[in-house]
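Colleague: Sequence plus predicted model, see below.
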Amino acid sequence: MKIEINKGHQTILAKLLASENIQVEYGNFSTASFDTANRVLRLPKWSEFSKSLSDMLTGHETAHAIWTPDAGIAALRTKYPHIPFSYFNIVEDIR
């Protein structure tokens, strides 16, 4: 049985967890992400997308809203332009 995710509820959850009025977008993204500069949480539209998975991705990405400094990301990209940002993101996720 496919469960329809209430996007309005997920948006409210994201804003409450982030403690700010972040923008939440749903689209054909390959993965969930958080844009620290523009304060946008992006959640993918996957065919198999359970409420548990939606909550987990929302929680994980809103943690970036709280803990990932945009200035730090800009500094890393400037200092190490030859290293893909996804590598830094993996290390930051572990942190």
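Modeller: Cool, the structure landed.
Colleague: can you give me the strands for the protein?
Modeller: 23-27, 33-35, 40-44 (DSSP state E).
Colleague: between these, which gets nearest to residue 95?
Modeller: strand 33-35 (14.6 Å; CB to CB). From N, CA and C alone the C-beta is placed, and that goes for glycine too.
Colleague: Contacts for that closest one, please.
Modeller: Identification of contacts with strand 33-35 by CB atoms under 8 Å, 6 or more residues apart in numbering yields 40-42, 61-62, 64-65, 68.
Colleague: Now do the buried residues in the top helix by length along the chain.
Modeller: Identified as the longest helix of the chain according to DSSP state H is helix 51-67. Neighbour-count burial for helix 51-67 flags 54, 57-58, 61-62, 64-65 (criterion: 16 or more other CB atoms under 10 Å).
Colleague: rewinding a little: residue 83 is nearest to which of the strands of the chain?
Modeller: strand 33-35 (18.0 Å).
Colleague: The closest one: partners in the sheet, and parallel or antiparallel?
Modeller: With DSSP bridges as the test, strand 33-35 is paired with strand 40-44 (antiparallel).
Colleague: Report the angle between the partner strand and strand 23-27.
Modeller: 20 degrees (axes from the mean of the first three to the mean of the last three CA atoms, to 10 degrees).
Colleague: buried sites along stretch 73-87?
Modeller: For stretch 73-87, using 16+ other CB under 10 Å, the buried residues are 73, 76.
Colleague: gap between the helix or strand of the chain with the lowest mean pLDDT and the chain center?
Modeller: Taking mean pLDDT, DSSP states H and E as the measure, the helix or strand of the chain with the lowest value is helix 85-94, at a mean of 88. Averaging C-alpha positions (CA atoms, centre = their mean, to the nearest Å) puts helix 85-94 13 Å from its chain's average.
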